[in-house]
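> got a sequence here, can you build the structure:
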Amino acid sequence: MKIKYIAAILAILLLISTLAGCSSGEGNDEELTTTESTTAKITDDSTFKLSYTQADSLDPFKATAQNNQVLASLVFESLFDINEAYEITPNIASGYEFEDSETLRVDIKSGLTFSNGESLTPDDVAYSVEAAMDSPAYSSLLEGISGVSAGDNSVTIYLSYPNIYAVNLLTFPITSLHNDEDGFPLGNGRYHYADNGGKTVLRANVSESFNPYITTINLVNIAASDSIDNAINIGNISYAYRDLSTDISKRISSAKKLTGINNLVFIGANGTSGITSDVHIRRAISLAADRQMLCDSAYSGYASVALSPFNPYFSATNSVSIFSANADTAAAKQAIVQSGYSADKLSLSILVYKNNEAKLAMAKLLKSELEAAGFSVIIDEEYYSDYLSKIAYGQYDLYIGEVKFSDDMCMYSLLSKEGASSWHIDYDNLTCDDVYEGYLSGDEEIGKFMLSFNDEMPFIPLLYRKGMICYTKAMNGDMQGYYGNLFSNIESWNFNS
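Residues are numbered from 1 along each chain as shown. Next up is the predicted model:
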């Protein structure tokens, strides 16, 4: 009997313990639910602001204002993405194949849609190629494309000349043939244009692969470049891209990130008259130039030394260099001796656009460096129209020029008689242009072109400028934007305290 009594007590205690355990478990579930709700992503539809030009178009193929063109990378995707080394990966495209040296077939991923649910078709892609070829933003960069046609699941790109890097050109926006119901151009990017009570905003296209903190981007109408600089400094906008075509770096007090761009600053040498028609003199000028000092002093560090004609970020160069970052005055003097010119014949003029502070500073540094090698140098400062006129008529020995190369690194603007910047190069006696054509078609090695270029020096590469991403210090998140994707990792940007 005593044993049964003890067993009963133990049973009661076990029941109480079990009930207590259940009660404790339910309490933990409630606590877990509360914790999860407090750590859920806090989205933001009011803080992040970008500038745009209201009077300009939001269509990427009609926009002329840089801030509107920058918005395009949030709204539209491209056939291929390009990284900082100018290497491409498929995006809207699933792959590509050269059908011959001047015909490129690009396959389109199936099942893609625009932000309103409409299917993205090869016809939309073909329309975008043609629109880009005629656009203010892309036409000069797409001279290597002559036409396009749409197939069932692909488009065919017709090239103006053989070019193994032609796929690098296909990084412009792809838009729909039609606008949305509010008249906004349609893309399949991370955001889409929307009307918010009469104001234009960008709304996030939230998905499993894109779930940002910033769900709405508010657009602020700021057209003037100086006003954009001021707005990012005082926090009226959260982010801006500046290409630093003018020296504004000292005016920017926000957080900054430099990004490589494809703008070459070079010395144009008159190859058809005067002492600069001698290749030894051109080589002496190149050797006398201290490229690192020009980057550090004239461009305040916002440039990269051109160790070859190619952008130093361009992976295809494999770090091959033909120029030194620093001046070699002794070698420059030896090249002058090889030219046969006497000291009294070593007079040079440097033509420069007088309203560009960086290029004026560069001209003064070059004057000093060239004089150290034995030249007598004067600087000819001109307003832009007179500067262009003197270049066109060959009224210079040297000029400081700048050219923006397309993403395939094509140099025909300087190495072709028909090129937009090919002023007074002695093409009749030039051979490196033919070697370059062979390189671009895949028949010659890049090293052979570089050696040929160094032998003839038709122009003198100095540096590649950099651009700048500016953003408010109040924003959290590691800024990873770069030239090919200014809003890289925007999904992690936030203003959480």
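
> residue ranges with poor pLDDT in the chain?
Scanning the chain for pLDDT under 70 picks out 1-40, 247-250, 318-319.

> what about the helices in it?
Using DSSP state H, the helices of the chain run over residues 2-38, 66-75, 122-133, 225-234, 279-288, 291-293, 329-339, 357-373, 384-392, 412-415, 432-441, 446-456.

> at which residues are the strands of the stretch 51-200 of the chain located?
Under the criterion DSSP state E, counting those that start in this stretch, strands of the stretch 51-200 of the chain are mapped to 80-82, 88-90, 93-100, 103-108, 145-150, 154-159, 191-196, 199-204.

> residue 130 is nearest to which of these?
strand 145-150 (6.2 Å; CB to CB). Every C-beta, even on glycine, is put in place using the N, C-alpha and C of the backbone.

> for that closest one, which strands pair with it and how are they oriented?
strand 154-159 (antiparallel) (DSSP bridges).

> measure how the strand it pairs with sits relative to strand 103-108, angle-wise.
150 degrees (axes from the mean of the first three to the mean of the last three CA atoms, to 10 degrees).

> rewinding a little: dump the strands of the stretch 51-200 of the chain to JSON lines, plus distance to residue 171 and mean neighbour count.
As requested, the strands of the stretch 51-200 of the chain are exported to JSON lines (distance: least, CB to CB, whole Å; neighbours: other CB atoms under 10 Å):
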{"stretch": "strand 80-82", "distance to residue 171": "5", "mean neighbour count": "20"}
{"stretch": "strand 88-90", "distance to residue 171": "7", "mean neighbour count": "16"}
{"stretch": "strand 93-100", "distance to residue 171": "11", "mean neighbour count": "14"}
{"stretch": "strand 103-108", "distance to residue 171": "12", "mean neighbour count": "19"}
{"stretch": "strand 145-150", "distance to residue 171": "12", "mean neighbour count": "16"}
{"stretch": "strand 154-159", "distance to residue 171": "13", "mean neighbour count": "20"}
{"stretch": "strand 191-196", "distance to residue 171": "18", "mean neighbour count": "19"}
{"stretch": "strand 199-204", "distance to residue 171": "21", "mean neighbour count": "18"}
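
> kindly reformat the ones you listed as TSV and extend each row with distance to residue 173.
As requested, the strands of the stretch 51-200 of the chain are exported to TSV (distance: least, CB to CB, whole Å):
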stretch	distance to residue 173
strand 80-82	12
strand 88-90	15
strand 93-100	14
strand 103-108	15
strand 145-150	15
strand 154-159	15
strand 191-196	13
strand 199-204	14
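
> make TSV out of the helices of the chain and add mean neighbour count.
Listed next are those as TSV, based on neighbours: other CB atoms under 10 Å:
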stretch	mean neighbour count
helix 2-38	9
helix 66-75	22
helix 122-133	21
helix 225-234	17
helix 279-288	24
helix 291-293	19
helix 329-339	17
helix 357-373	19
helix 384-392	14
helix 412-415	22
helix 432-441	20
helix 446-456	18
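
> select, out of these, the one closest to residue 174.
helix 122-133 (4.6 Å).

> which elements pack onto the lengthiest strand in the chain?
Criterion DSSP state E: the longest strand present in the chain is strand 255-269. If contacts are counted by 3 or more CB pairs under 8 Å, 6 or more residues apart in numbering; DSSP states H and E, strand 255-269 sits against helix 279-288, helix 357-373, strand 398-404, strand 459-471.

> would you turn the ones you listed into a markdown table with distance to residue 112?
Output for the helices and strands packed on strand 255-269, formatted as a markdown table (distance: least, CB to CB, whole Å):
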| stretch | distance to residue 112 |
| --- | --- |
| helix 279-288 | 48 |
| helix 357-373 | 43 |
| strand 398-404 | 30 |
| strand 459-471 | 29 |
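
> so for residue 106, which of those sits nearest?
Closest among the helices and strands packed on strand 255-269, using CB to CB: strand 398-404, at 24.1 Å.

> what sits against the spatially closest residue to residue 316 that is not a sequence neighbour?
In this structure, residue 316 finds its nearest non-sequential neighbour in residue 446, 6.3 Å apart by CB to CB, 6 or more residues apart in numbering. The contact partners of residue 446, taken as CB atoms under 8 Å, 6 or more residues apart in numbering, are 316-318, 320, 439.

> most neighbours among these, please name it.
Among the contacts of residue 446, residue 439 has the most neighbours (other CB atoms under 10 Å), with 22 neighbours.

> pretty sure that one is touching residue 445, no?
Yes: counting by CB atoms under 8 Å, residue 445 is a contact partner of residue 439 at 7.1 Å.

> could you tell me the end-to-end distance of stretch 106-113?
Distance between the two ends of stretch 106-113: 18 Å, counting by CA to CA, to the nearest Å.
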